[in-house]
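K.L.:
Fold the following, please.
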Amino acid sequence: MSHYNPYLTYNQIQVETSDQKKLILMVYDAATRFCREARQAITSGNVQSKGAAIQKAYDAISELRKSLNMQQGKDVAQSLNKLYAFLGHQLTLANLNNDTEVLDSVITVLSDLRTTWVQVFEKEAAAVAD
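P.N.:
Sure, this is the predicted structure:
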């Protein structure tokens, strides 16, 4: 029996109707949220929730890697690809070692990257408006 979940429906509509810039920010937000959930699960000793949250964070970062345009982005895309791979490795370490400090560092990097993207998008919008 299928249950209607309005939250999931809302999220699906958000994804389907968002532009690429907004989607990138949404993925960063999701990855950060899942890292925080994993951190909370480690603190509370909930191994199952920790593993699920880390897997979701890993999947979100994998989506960011897939979205890279290696031909157009060249050096920046290659650097981001390496950074995303590193973050994935850090998530694996956090999962294996129940390490909240590693999760905190991943959260910091994701937050900093999101802030950078917001600045890039704002500069792009200002350049178009001129």
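
K.L.:
remind me, longest helix of this protein?
P.N.:
Longest among the helix segments of the chain by residue count, using DSSP state H, is helix 100-129.

K.L.:
So which elements touch that one?
P.N.:
Using 3 or more CB pairs under 8 Å, 6 or more residues apart in numbering; DSSP states H and E, the elements in contact with helix 100-129 are helix 20-44, helix 70-97. To be clear about C-beta, it is placed using only N, CA and C from the backbone, and glycine gets the same treatment.

K.L.:
in this protein, which helix or strand is least confident?
P.N.:
Ranked by mean pLDDT, DSSP states H and E, the helix or strand of the chain with the weakest confidence is helix 6-17, at a mean of 48.

K.L.:
Next, the angle from the longest helix of the chain to helix 20-44.
P.N.:
Helix 100-129 and helix 20-44 meet at an angle of 170 degrees, taking axes from the mean of the first three to the mean of the last three CA atoms, to 10 degrees as the criterion.

K.L.:
Could you list the buried residues of helix 100-129?
P.N.:
T100, V102, L103, V106, I107, V109, L110, L113, R114 (16 or more other CB atoms under 10 Å).

K.L.:
among the helices and strands packed on helix 100-129, which is nearest A127?
P.N.:
Among the helices and strands packed on helix 100-129, the nearest to A127 by CB to CB is helix 20-44 (13.8 Å).

K.L.:
Mind checking the pLDDT average for the very next helix or strand once past that closest one?
P.N.:
Towards the C-terminus, the helix or strand next in line after helix 20-44, according to DSSP states H and E, is helix 47-66. For helix 47-66, mean pLDDT is 97.
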